[in-house]
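Asks: just need the structure, nothing else, for what follows:
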Amino acid sequence: MAEEGSEREHGRAPSSDSVESRWVFQNDDDLDTDSDDDDDDDDLHIGRDMESEDDENADLRLVRTGPRMDSFDVEALEVPSAQTNDFEAITFGRQVILACQTLGVIFGDVGTSPLYTFSVMFRKAPVNGNEDVLGALSLVLYTLILIPLIKYVLIVLWANDDGEGGTVALYSLICRNARVSLLPDQLPSDKRISSFRLKVPSPELERSLKIKEQLEASLTLKRLLLILVLAGTSMVIADGVVTPAMSVMSAVDGLKIGIPGIQQDHVVMISVAYLVILFSVQKYGTSKVGLVIGPALFIWFCSLAGIGIYNLVKYDTTVLKAFNPVHIYYFFKRNSTGAWYSLGGCLLCATGSEAMFADLCYFSVRSVQLTFVFLVLPCLLLGYLGQAAYLMENHGDTTQAFFSSTPRGAFWPVFLIANIAALIASRTMTTATFSCIKQSTALGCFPRLKIIHTSRKFMGQIYIPVLNWFLLALSLVLVCSISNIYEIGNAYGIAELGVMMMSTILVTLVMLLIWQINIIIVLSFVVIFLGMELIFFSSVLRSVKDGSWIILVFAIVMFLIMNIWNYGSKLRYETEVKKKMSVDLIRRLGCNLGTIRAPGIGLVYNELVKGIPAIFGHFLTNLPAVHSMIIFVSIKYVPVPVVPQSERFLFRRVCPKSYHIFRCIARYGYKDVRKENHQTFEQLLIESLEKFIRREAQERSLESDGNEDSDNEDESCSRVLIAPNGSMYSLGIPLLAELNDSIGPVLETSTLEELKPDPQADPNDPEQSLERELSFIRKAKESGVVYLLGHGDIKARKDSWFIRKLVINYFYAFLRKNCRRGTANLSVPHTHLLQVRMTYMV
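Replies: From the prediction side, this is the model:
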């Protein structure tokens with residue numbers, strides 16, 4: 001097989017712009033072809049035996065080879081140019097509108113941090129002199145520069161997954177570069193999606209290869225990586241709960257300055273009303289709401305800068321000395337433990353940094369970077385400098401530092417715009433949570449929920465009703481139970497730091513595995529940022545007993561839900577793979593499948609991407625007839641943001657032509673929108689099937705020509721297929737005679753069987769045979785399409801451990817019963833739908 005793979009490699013003539021080469025072990029590459037070409041468990045077993053025999057005689061050599069092509073990938077050859085980001089070709093006017101929306105959606109959280117940062121800091125480290133104010137200000141300034149600016153804006157934003165940000169997007173980016181996904185439904189053809197290809201240097205560095213091999217070989221590392229991703233995602237959801245509570249309460253708390261008679265109970269009641277209004281308008285979408293509130297937040301940032309300049313001029317310009325980091329040392333020297341406790345409050349100035357990355361799907365990287373550097377950061381720095389200048393002469397006003405430093409004549413206008421900004425900030429992490437949940441659902445890490453797309457132009461702008469009201473309920477519980485911005489601020493810090501640390505670790509892995517930058521830069525990134533975040537985390541954990549434990553408990557619950565869903569989904573898929581039907585059994589039933597073939601097309605839905613699902617046997621034994629054409633359809637989400645429409649469907653013929661059985665994989669990215677109705681989906685599927693059959697006929701024609709030219713040759717030659725763009729591909733499948741000689745009649749795959757001529761067709765007239773099959777498909781389509789849905793459930797065996805029974809029979813079953821069913825996404829009339837349920841004991 002090693003020699004055979006080498007021949008195929010030299011016989012390939014790829015186009016450099018249409019395919020990508022990869023590094024493989026030579027005999028492993030041949031194994032991929034053998035295992036992917038067959039669906040029968042016995043066949044796979046023989047393929048493994050053949051591999052072991054070759055290992056004894058062949059040396060492992062790292063060679064550069066092209067992606068393997070087979071009949072399942074013929075449709076995927078129609079690859080257009082790589083998909084561009086939604087924001088690459090927009091006009092200047094559109095950029096201005098986008099900038100307004102960016103302010104309103106992404107920067108609300110970090111923009112409202114001056115409302116509470118100094119108040120929380122000085123609650124834990126009271127001011128005893130001007131040096132304390134300078135030290136606290138210096139801490140805030142350098143936290144702003146290091147975390148939001150350097151880490152996120154200049155580094156982390158570039159680790160986006162084709163415009164998608166967040167921990168799940170980082171995980172999908174790593175999954176595309178290394179086989180670290182625990183769900184065994186990956187196919188080699190997935191790497192030939194045009195948007196799958198990475199716009200990064202090729203993995204030729206020895207360090208990158210070693211890291212990739214270690215990740216792919218170690219199940220422990222794969223699980224650890226998934227745990228990190230799920231932990232980060234649970235913290236993002238927790239952040240979506242605490243952000244509205246903190247932002248709204250800190251803004252409403254300003255009433256205590258304007259109206260002395262206001263009590264804390266009044267603040268809580270007003271905050272509850274604000275939160276209800278906030279989550280009620282969430283359904284109108286990011287574009288509509290963002291365009292309205294964007295100018296409001298622009299006024300807020302201008303107000304911050306204006307108040308800061310006013311206080312600097314009026315009170316004390318010596319606070320500019322805080323840019324000297326030596327004052328941080330003096331601050332810790334004077335306050336010791338108190339300064340360490342105040343780190344939790346200092347971190348609040350950087351809250352919203354993760355939202356810049358998580359909300360990246362809504363806007364372009366460049367718009368986020370430019371808006372932050374030239375507007376948001378300068379206004380924030382001036383705002384903090386102005387508050388510090390005021391506090392230099394008013395040490396007793398630290399409990400309401402922002403509103404106390406506001407000029408009396410401008411208090412009520414500033415209070416109004418501050419409340420509007422707080423409502424905007426509350427939406428920031430809510431939209432980030434929506435995006436994160438959608439990504440997690442597509443990658444099999446969260447139960448399916450109803451997702452509403454609020455923008456026709458930008459696919460990433462979504463609204464999840466159930467999650468929206470769930471976050472509202474938890475935010476109300478947090479406000480009513482804690483009702484103190486200092487304790488809520490500590491919970492805020494826990495949620496933010498949890499996400500930040502997970503992002504730091506994942507971006508470090510991206511640096512090593514994909515970017516392949518200098519190891520010194522990578523170590524510097526880890527030591528500086530992860531070390532800083534761990535120090536901050538040690539500070540906030542000290543106050544966890546004050547009430548912030550509620551957020552930790554909530555994050556743990558969400559983490560367990562995602563883990564249980566991922567574990568159950570993986571176990572159910574593996575069970576269906578083990579129980580799948582043998583192709584040889586289907587062949588022995590004959591072309592009528594042991595029953596009556598009625599006119600029409602039956603779309604058998606199942607999650608298997610390879611093999612015939614066991615539930616198909618229930619259809620054969622329980623239905624009086626089956627359709628004249630059967631297509632096994634699998635809806636598969638691949639770790640890419642978008643799959644082009646022309647690459648959506650992959651087909652393979654399961655049995656000989658007379659059986660009229662095909663397999664189809666409909667591939668979607670986690671950013672894709674499935675809005676087509678069942679009629680549109682059927683039309684696209686049938687058109688793609690006809691393309692596949694035409695390409696298959698072209699393939700057989702080219703193979704027959706190659707056989708005539710190589711009758712006198714002893715060595716095998718590879719088949720060549722011409723793509724629409726003129727590129728030539730090696731299909732990488734041995735010829736019939738070659739395979740029969742080497743393997744024998746037992747290893748007859750469905751791909752080879754489909755190449756056998758139809759007994760009723762004229763072998764000398766392939767065009768007639770092609771037209772006859774296309775006509776059969778059209779007539780079957782006219783007779784009607786029926787959706788046959790096979791639901792596979794799992795249940796723990798009686799002799800299983802108690803915890804296993806509890807997780808599978810109760811927790812996972814509850815989640816699966818209450819999540820959104822696949823039929824809801826299909827939009828199929830009940831008259832065209834037939835569902836069968838099958839339970840597997842695991």
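Asks: how far away is L360 from C436?
Replies: According to CB to CB, to the nearest Å, L360 stands 11 Å off from C436. Just so you know, the C-beta spots here come from the backbone N, C-alpha and C atoms, and that holds for glycine as well.
Asks: so for those two, which residue has more residues nearby?
Replies: More neighbours sit around C436 than around the other of L360 and C436, counting by other CB atoms under 10 Å; the figures are 29 against 25.
Asks: hmm, Y390 and N311 touching each other?
Replies: Yes. With contact defined as CB atoms under 8 Å, N311 and Y390 form a contacting pair (4.8 Å).
Asks: now do the shared contacts for those two.
Replies: S405 (CB atoms under 8 Å, 6 or more residues apart in numbering).
Asks: now do the strands in this protein.
Replies: Under the criterion DSSP state E, the chain contains strands at 22-25, 62-65, 452-453, 462-463, 596-605, 625-638, 649-653, 661-669, 720-722, 728-730, 785-795, 833-841.
Asks: nearest to R179, out of the ones you listed?
Replies: Shortest distance between R179 and these, using CB to CB, is found for strand 22-25: 12.1 Å.
Asks: show me the shaky parts of the stretch 51-200 of the chain.
Replies: Judged by pLDDT under 70, the stretch 51-200 of the chain has its weakly predicted residues at 51-101, 104-105, 183-200.
Asks: now the longest helix anywhere in the chain: average pLDDT?
Replies: What stands out as the longest helix in the chain, according to DSSP state H, is helix 219-252. Per-residue confidence for helix 219-252 averages out to 89 on the pLDDT scale.
Asks: residues of that helix that come out buried?
Replies: Within helix 219-252, the residues that qualify as buried by neighbour count (16 or more other CB atoms under 10 Å) are 222, 225-226, 228-252.
Asks: repeat that for stretch 334-349.
Replies: The neighbour-count criterion (16+ other CB under 10 Å) identifies 335, 338-349 as the buried residues of stretch 334-349.
Asks: distance from that stretch to the middle of the chain?
Replies: Going by CA atoms, centre = their mean, to the nearest Å, the spacing between the C-alpha centre of stretch 334-349 and its chain's C-alpha centre is 35 Å.
Asks: got it, and stretch 123-138?
Replies: Relative to its parent chain, stretch 123-138 has a centroid offset of 42 Å by CA atoms, centre = their mean.
Asks: likewise for stretch 568-581?
Replies: When C-alpha coordinates are averaged (CA atoms, centre = their mean), stretch 568-581 and its chain have centres 23 Å apart.
Asks: what is the burial count for I147?
Replies: Around I147 there are 25 other residues, counting by other CB under 10 Å.
Asks: is it true that it touches G352?
Replies: No. Shown here, I147 and G352 do not form a contact pair, counting by CB under 8 Å, at 10.3 Å.
Asks: pLDDT weak spots in the stretch 301-450 of the chain?
Replies: Low-confidence segments of the stretch 301-450 of the chain, defined by pLDDT under 70: 361-362.
Asks: helices of that one, start to end?
Replies: Secondary structure of the stretch 301-450 of the chain, counting by DSSP state H, counting those that start in this stretch: helices at 326-335, 337-341, 343-346, 353-358, 365-371, 377-393, 401-405, 411-442.
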